[in-house]
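**Student:** everything below, folded, please.
(chains A, B and C)
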Amino acid sequence: MDLHFGDSKPTDDERAAVDALLGPPESSWEGADRSDADLRWARGGREARDRRDLLLPGLHAINDRVGWISDGALDYLCRRLTVPPAEAYGVATFYAMFSVKPRPATVLHVCTDLACAAAGAPELCSGIEERLGPGSGVAVERSPCLGLCERAPAALAIRAGDPVRTAVSAPATVEEAVLAASAPDSAPEEPPAALAVPQAGQDGLMLLPRVGVVDPASLDDYRAHGGYTALRRAFELGPAGVIREVTDSGLAGRGGAAFPTGRKWQATASQPDHPHYLVCNADESEPGTFKDRVLMEGDPYALVEAMTIAGYATGAHKGYLYLRGEYPRSLHRLEHAIAQARARGLLGDDVLGQGHAFDIEIRRGAGAYICGEETALFNSIEGYRGEPRSKPPFPVEKGLFGKPTVENNVETLVNVLPILTMGAPAYAAIGTGRSTGPKLFCVSGSVERPGVYELPFGATLGDLLTLAGVRDGLRAVLLGGAAGGFVRADELDIPLTFEGTREAGTTLGSGVVMAFDDSVPLPRLLLRIAEFFRDESCGQCVPCRVGTVRQEEALHRIVERTGTDAAGDIALLREVGRAMRDASICGLGQTAWNAVESAIDRLGAYE
Amino acid sequence: MTVTPLGIPRRVLELTIDGEEARVPEGSTILDACRAAGKDIPTLCEGDTLRPKNACRVCVVEVEGARTLVPACSRKAEPGMEVRTDTERARHSRKIVLELLASSVDLSTTPRVAEWLKEYEAKPDRFGPDAARLNEEPKIDNDLYVRDYDKCILCYKCVDACGDQWQNTFAISVAGRGFDARIAVEHDAPLTDSACVYCGNCIEVCPTGALSFKSEFDMRAAGTWDESRQTETTTVCAYCGVGCNLTLHVQDNEIVKVTSPHDNPVTHGNLCIKGRFGYQHVQNRG
Amino acid sequence: MSKRDRSPKTYTRLTHPLVRDSRDEPFRRASWEEALDRAARGLARNRGAFGMFSCARATNEMNYVAQKFARVVMGTNNVDSCNRTCHAPSVAGLSAAFGSGGGTSSYEEIEHTDVIVMWGSNARFAHPIFFQHVLKGIRNGARMYAVDPRRTSTAEWAESWLGLNVGTDIPMAHAIGREIIHAGLANEAFIARATIGFEEYKALVEPWTLSLAEKVTGVPAAAIRELAHAYARAERAQLCWTLGITEHHNGTDNVRALINLSLLTGHVGRYGAGLQPLRGQNNVQGGGDMGAIPNRLPGFQDILDPDTRLKFESAWDTVIQPHYGLNLTEMFEAMEDGTLKAVYCIGENPAQSEADSEQAVRRLKALDFLVVQDIFLTKTAELADVVLPATAGWAETDGTTTNSERRVQRVRKAVTPPGEAREDIDIICDLAARLGHDWKYADAETVWNELRSVSPDHYGMTYERLEEHQGIQWPCPGTDRLEPTYLHGRLWEREPERRGRPAPFGIVQHDPPVDLTDEEYPIRLTTGRRLDSYNTGVQSGGYASPLRRGEYIELCPEDAERYGVVVGEQVQVTSRRGSVTAPVWVDTALRPGLAFMTMHFPDEVDTNALTIEANCPIAGTAEFKASAIRIEKLPVATIVR
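**Tutor:** Below you'll find the model as predicted:
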């Protein structure tokens, strides 16, 4: 491609960061020194253009090394990958974790989202800024949910360099957060993932049995606790047999949409077009959700094994694990687990000596809630802006790189292990008729023991909150996160099943259960939700791009108003919300009004 | 003899539009079907030379069995589909979309939008005087065309025309996110430092006048732009031998703008810098 | 540092006739009556020593009338146009092989082909909208190969770019041919049925091994081999070229060498498989089709064919000279020896567009009489005795032009010409009337219908149909149907009689550029176009292109370092013919020993003072693409920005 590059040149650091990812340039046309051979023969074309999917890893490489992405660095990356700089600029500016303007090497992301806001994030933020003062060498950025709700308020420090360093402070105090930012290496070790699982070590857990029990770095430990028996079983069953088991188990997607997993696998497996891809959606960004993080940190091999099974069943030889950029520990655990599995022949050309080739590549997100939408995620992996695609065509037919793709959430995949080890009938016997198996819930907010809970489908909201030790003065519970809905404190008998929540006019979503007592001002909470959607709208379609702004403006106007003073704006909100729900391209816009609507209608937020 | 692979026959499928039977070739969109049936559905981001982006959502219709409204411009017609174009639900979304746009973007040069605002009884003012607007100043950084992003509805058509669908220059992209997203060149530089080759194929597809010839921009500013006094004549470009068809827009015997027919087999509506802007020599009349 | 004015000389429209009694005098304004009378007198007294420069930029109708003027009014076949400076070798080569001088494919076909070879063509700059069709093809999965000394924007899109030495196209083509034969990839059935001369060709290319070709062209053998295999194995392949092939002293041979490859593989005469020379001017195809060339009558009909002559003689009520006229190059030579004394030059600017422009100017000055008809007072017009203000063919008149894919399209009048400027056809007819021929053409369509009546290939193209189909490609013999988009499908016919004349392989030898590089002139200068400018810049200088930076001598970074020059520094550029000063630009697309210039800014830097007038003996096109130069630092460094 005849790309245009300006005069900006990369620094040695930036060049080294890109070369570390891509290897040294092969010709002067890619950025090496000019040689006689280059001036006689140049390769380009299809092969050169086919490396676009390395754009996001390349941006990460630069950002990790220097903390921001300069013109020269972006141009160099573009030259290496044959990507137009304007498009790469569009991609770089899409993600919240990247900056195309100079900033300090250390960025402290302070979560100001729902659980953290309720736990004092605003005061924490201003305290940190005051303590650091100007010229501290640390940029403080207010962040959407960091997925550390059980330890709210939370902060994540990232210091660029070689290697990049990170430190988590949660629950954060001003002192601890500042320490994490100024000396990430000497910040105290994060507590083990098991601390987020109050049930850890209990018998009978199907999804969390190893969290807190095994050493998450040890493949041997994983095997000693039942690991890789499911994969053996899968090879015995054959791909069709695995799909039958999963179908018969009644497993439905745990990401929020509850689509039957077996049907999705079957539809992908039967596509004549090849190759097939498996994508694991680990871009857990719904405010209040942290179960996937706990699974990946506490039992990473389970996900590797489950992905291997899914790849085998659907005929995919390549699996992408799209991981939230804000989850450094998950990244390390999974990188290690994948390398170990590869070394032991559990990934690679000949998995378990069964002749099936399968491998996993991790792709890191960079701060975009929308990339949790399955097709936005494809675009993100492919090196484009993470904007959702219109459906149809559906991913099972045209997904990643335009090929048949099965995309599952982490929790969904991990469910496949017990399905294969216990058999579909036994699995299907758990839960209710239409919601089978166990379910993870992320409980946070006004409870004594926040964390991830595993319960069979069918338990009520009250059961769960009792288990978590709900505090007095419960005002409302948010189910399903920002895209979910509020229920009242007197609705605790709602069964936590797909059908039960639907009948109650609310949603299970991704399993968020956030409790709020009467000290939390509801209009402020709704405003935070609206801000979240405004910030996270990709901007592609008008109803969502402008609608989320108008929603936030209206909620801002009525933050101190009630009754007739608020009625006009509430009517406006309803009209805009209805159009967002009806006419937005993807789930983000379609659900951006859900929580607010439920707060108005169910909680009487402005009465 | 090799047989040309053109004109491979397409199957015909049947659907109903507002209760009436309709027959369209397979591969047609709902919008194609609606237009064939004489339905006037508003569109903004749809372009006759571009793949549907369905970003503006002003063309939404109801399809039986669909949870949400569907964009007519991109959704393919299917056998047995029941489409309703004028329901209260569809009209509501169109109205809101028009209000959202009109309250944030300068639509003064968008064809037909005034008519639609009226038809759908849209009241953009109801979001109040403090409703956020784009608030962009026109970017005048070269003598050929102006980018007035206060008029930009972010339809992506310019990006698609500049990118892999036609020009393959990739000078522009959407940068930023959400309401802050803007069309930008790399590093947000002036056009003159960018990859832009001034083909003007972005202007050709811009539905709102955000992109315009400098001549049009200046004449509008001076109040002399008057389309009722303009003639449009299609001729052939005077430069290389490719033979691009140019439509010359002439006011008072001056060429004020150049376009190209979108259905032309040579250009498909696209031109290069010489064809688009290289006309001045004929009117250097001393 | 001095500030340099980036805007080139702007030309203002001519609004009234200009005359002068002697070349030493300035022009004075004249009435049309006086100017036409003077022009008629000047031409009349030089009957028998007359040449017509018709215009590849004007309409088909104008070209038809102009050649008719030469043949009927002046009784000569000395009519030509600037297609001589660009694509005459393509026409000559294609005619020799297939009997017809047009590109064999259509733009749309390249979107549906498998392999595209762009040879000596920077279409991304020179033919941008054609290149959009190429890009569609690439997006549809076609693989593109670029053969060009420079790694141009076009080449940057290629799977593989082959950076050959200037003027080594024949060795490259022959080596590809040899490799195809030796790899068993030749289409033997097609060769046997549709071609002649294969055995001779096989013997011709046999010495051109990949390793010899690597030595001569400078391109690695592996790259040549890959291209050979890709081209030969493709189900459909398109071979496109531009002036990098034709503007050589052996341009026609170059074209033949490329055509050979299509004959070897059967990549011609099928949908998606063919040969596509990209024409440089809006109507360079049509000018030739209309007979504004010395060897053909309208409709590409050979003057030497008695039946053809008879047809035209009866249609025009005249006698047509039974021999070829002089081409543009030969007319210039005839000026030198005094056998050509009067020229009617319409819309051309040979004083700046000819190679070795100083020589061209000297020859034009030696004419007894020069009448120039143009929209501007060009450098050529400044040499004239009479200057007639005309209309801009594309915006101020009605008519048709014919593009590179042989598509005849309507041009229409959109603006009124300035002052007293008049349409070319009207002016020619008024002159003809003064010289005893009373032609009545009510409008362009009348001219067109006369052409249709004498040209079978155009017969089916009424104005009405041209409008309806947005142009029609020739041949179009019938008013009720359209022919396939590609030519020479006959070559694939089973029956020999339907197959017609087999296509001969061209037996052409490598002949390196005439202007050799040596110690004194160590740098190879090649020329080309930029995206935003055009030819001598008379048209393109009129608009304010943000891309324009004026004329530079472009060097590779290594040469700039070797000569100790920097971007913007003025240097002396000298060839064996002339010398200019130009600022330096550094372009990584070049390699050591290879420099690049354009002819877009002749009023700033007269590049053609450097180029060599070594002409293709068959087509008469000069070797613009290969001069030998040296560059020298100026005594006092001047840097322009």
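
**Student:** would you mind measuring from the residue of the stretch 51-200 of chain B found nearest chain C to B:Val258?
**Tutor:** Nearest residue of the stretch 51-200 of chain B to chain C (Cβ to the nearest Cβ) works out as B:Asp143 at 3.8 Å. The way it works is simple: take the backbone N, C-alpha and C, and place the C-beta from them, glycine included. Per Cβ to Cβ, to the nearest Å, B:Asp143 is found 15 Å from B:Val258.

**Student:** of these two, who's got more company?
**Tutor:** Ranked by neighbour count (other Cβ atoms under 10 Å in any protein chain shown), B:Asp143 and B:Val258 place B:Val258 first, with 21 against 15.

**Student:** what's the closest non-adjacent residue to the residue in the stretch 151-300 of chain A that chain C sits nearest to?
**Tutor:** Minimum separation of the stretch 151-300 of chain A from chain C (Cβ to the nearest Cβ) falls at A:Asp273, amounting to 15.3 Å. Nearest residue to A:Asp273 in three dimensions, chain neighbours excluded: A:Pro404, at 5.6 Å (Cβ to Cβ, 6 or more residues apart in numbering or on different chains).

**Student:** helix, strand or coil for B:Leu246?
**Tutor:** Three-state call for B:Leu246 (DSSP: H, G, I helix; E, B strand; the rest coil): strand.

**Student:** re the thing from before, and the residue of the stretch 151-300 of chain A closest to chain C, that one's in a helix?
**Tutor:** No. A:Asp273 is assigned coil when assessed by three-state DSSP, not a helix.

**Student:** that older thread, the residue nearest to A:Asp273 contacts A:Val279, doesn't it?
**Tutor:** No. At 11.3 Å, A:Pro404 does not count as touching A:Val279 under the criterion of Cβ atoms under 8 Å.

**Student:** let me see the contact set for the closest residue to chain A within the stretch 401-550 of chain C.
**Tutor:** For the stretch 401-550 of chain C and chain A, the shortest gap (Cβ to the nearest Cβ) falls at C:Leu531, measuring 10.3 Å. Residues near C:Leu531 by Cβ atoms under 8 Å, 6 or more residues apart in numbering or on different chains: B:197, B:272-273, C:124-125, C:128, C:547.

**Student:** measure how buried the residue of the stretch 151-300 of chain A closest to chain C is and give me the count.
**Tutor:** 10.

**Student:** what sits against the closest residue to the residue of the stretch 51-200 of chain B closest to chain C other than its chain neighbours?
**Tutor:** Of all residues not flanking B:Asp143 in the chain, C:Ala544 sits nearest, at 3.8 Å (Cβ to Cβ, 6+ apart). Neighbouring residues of C:Ala544 by Cβ under 8 Å, 6+ apart: B:142-144, B:280, C:7.

**Student:** hmm, back to that, show the pLDDT at the residue nearest to A:Asp273.
**Tutor:** pLDDT recorded at A:Pro404 is 98.

**Student:** could you measure from it over to A:Ala267?
**Tutor:** 8 Å.

**Student:** what does A:Gly161 give?
**Tutor:** 45 Å.

**Student:** so where's chain B uncertain?
**Tutor:** By pLDDT under 70, the weakly predicted segments of chain B are B:1-7, B:286.
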